[in-house]
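In: give the three-dimensional model of this entry:
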Amino acid sequence: MSISAPNALKAPPAMLTPEGAPAMSDWSMTATKIHLNHGSYGAVPIAAQQHQLRLKAEMDLNPCPWFMGQADMLAQTRVGIAEFLRVPADDMALVINASAGVTAVYNSLPFAEGAEIVTTDHTYGAVLEGAKRIARKHNGKVAVASVPLNADAALVVELVMAQVNERTALIVIDQITSATARSFPVVEIAAAAGKLGVPVLVDGAHAPGVLANPVPDFEGFWVGNLHKFGCAPRGTAALVARGPLRHHLTPLIDSWGFPYTFPESFDHVGTQDITSWMAAKTAFDSLEERFGWDNYRTYAASLGDYGQHIVQNAFSALTGEDASVDVGMPVDPLRLIRLPRGLATTHEDSHAVRALISSELDFETAITTFGGAGYLRLSTHLYNTPADYEAFAERAVPALVRLAQQR
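Out: Modelled structure (predicted):
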């Protein structure tokens, strides 16, 4: 099957290093797979990998002074990461992932008996389960707003705020959703919640790198992963807190930060290996110097358009059904495509389909489920090329259509 895009939609030129090599040469990922799932676990540039290895070697040469001085190193590390996020370092603590930041907020806030937490049906599963845990602890409940995939900003705000009442103690809202690859109007929700005195926690797991200014301007809590589109070593995330409630925040582990308040209290992490955090700025700086973050975002949007069109047209041509998805508020480097009926209709089946695509077809992808339907979530990053999506359309799409027909 020959795959091509409509004449009006041209493939962007693949990104090259300053030396003229394919951008992928700045990464170390296996050449036996085509990597279309940067949004799940990221990919660390070689420059940051090497920096982290040097830091580990330094740590192991003499662990005693390293760990005795670790809090000071962390304070300095926060400054560099805060610059990338464009927030004051005094508003930001480092955590191992966005879920850890969410859990720190859940565990720290002074919830009253019967407190309710408002969220949506797009919320990341672990974040939702954490909200349920806190609600059970305080004999409250989680109110889940059902938001259609194609909802615009105004409708999202209306549906979320309709769940708020006098018992609402926290609103938890995605900035960019994981399962449905769309954005939510977090600033507007925070403004509406602020008028009612309700705090807001924004899950910005996918925002750093995708957005030039990933931390919205609002009073409340924001968490974001730096190891996804930001390409930092894994286990690197930020928790930003503004307003009076930030003083309630405590680290997940009781250590020697107890005399301090946020964020300094989070700088004391015992014998945790923080070299991933210390090498994060190398990842940010390397990508800026060699490609440019603004260039990346432009490329991600153009390649996303092309790859989405190529793949969804291939599905539609073979099934006779429209594979396109209106996500209401789309995100440039994350694209959602409807899978043929019968595929990935449950969370468990989505994992099985993803594993099959990896083991038998040699593509790394994200397969998600929402509302009983299965979706392919494509990512675009600097190392991806138009040929990656053309190959998926030519080799993987027919195989997935056949799989659906067999069920």
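
In: could you look up the SS state of Thr345?
Out: coil (DSSP: H, G, I helix; E, B strand; the rest coil).

In: am I right that it is in contact with Gly374?
Out: Yes. Look at Thr345 against Gly374 with Cβ atoms under 8 Å: they come within range, at 5.7 Å. From N, CA and C alone the C-beta is placed, and that goes for glycine too.

In: can you give me the helices for the stretch 201-350 of the chain?
Out: 275-278, 280-290, 293-319, 347-361 (DSSP state H, counting those that start in this stretch).

In: as CSV, the ones you listed with mean neighbour count and distance to Ala181 would be great.
Out: Putting the helices of the stretch 201-350 of the chain into CSV (neighbours: other Cβ atoms under 10 Å; distance: least, Cβ to Cβ, whole Å) gives the following:
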stretch, mean neighbour count, distance to Ala181
helix 275-278, 24, 26
helix 280-290, 20, 22
helix 293-319, 20, 10
helix 347-361, 15, 14
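
In: take these and write them to CSV, including mean pLDDT.
Out: Output for the helices of the stretch 201-350 of the chain, formatted as CSV (pLDDT from 0 to 100):
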stretch, mean pLDDT
helix 275-278, 98
helix 280-290, 98
helix 293-319, 98
helix 347-361, 96
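
In: among those, which is nearest Ala399?
Out: Nearest of the helices of the stretch 201-350 of the chain to Ala399, taken as Cβ to Cβ: helix 347-361 at 5.9 Å.

In: Ala205: which of the helices of the stretch 201-350 of the chain is closest?
Out: Closest among these, using Cβ to Cβ: helix 280-290, at 15.4 Å.

In: dump the C-alpha coordinates for the closest one into PDB.
Out: Presented in PDB, the C-alpha positions along helix 280-290 are these (Å, rounded to 0.1, in the frame of the first residue of the first chain):
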ATOM      1  CA  ALA A 280      18.000  18.000  33.800                       C
ATOM      2  CA  LYS A 281      19.400  21.500  32.800                       C
ATOM      3  CA  THR A 282      21.900  19.800  30.500                       C
ATOM      4  CA  ALA A 283      19.000  18.300  28.600                       C
ATOM      5  CA  PHE A 284      17.100  21.600  28.400                       C
ATOM      6  CA  ASP A 285      20.300  23.500  27.300                       C
ATOM      7  CA  SER A 286      21.400  20.800  24.800                       C
ATOM      8  CA  LEU A 287      18.100  20.900  23.000                       C
ATOM      9  CA  GLU A 288      18.000  24.700  23.000                       C
ATOM     10  CA  GLU A 289      21.600  25.100  21.700                       C
ATOM     11  CA  ARG A 290      21.400  22.400  19.000                       C
END
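
In: and the angle from that helix to helix 293-319?
Out: 80 degrees (axes from the mean of the first three to the mean of the last three Cα atoms, to 10 degrees).

In: remind me what helix 280-290 packs against, helices and strands.
Out: Other elements packing on helix 280-290 under the criterion 3 or more Cβ pairs under 8 Å, 6 or more residues apart in numbering; DSSP states H and E are helix 46-61, helix 70-85, helix 293-319.

In: could you dump those helices into TSV with distance to Ile173 added?
Out: Shown next, in TSV, are the helices and strands packed on helix 280-290 (distance: least, Cβ to Cβ, whole Å):
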stretch	distance to Ile173
helix 46-61	30
helix 70-85	18
helix 293-319	23
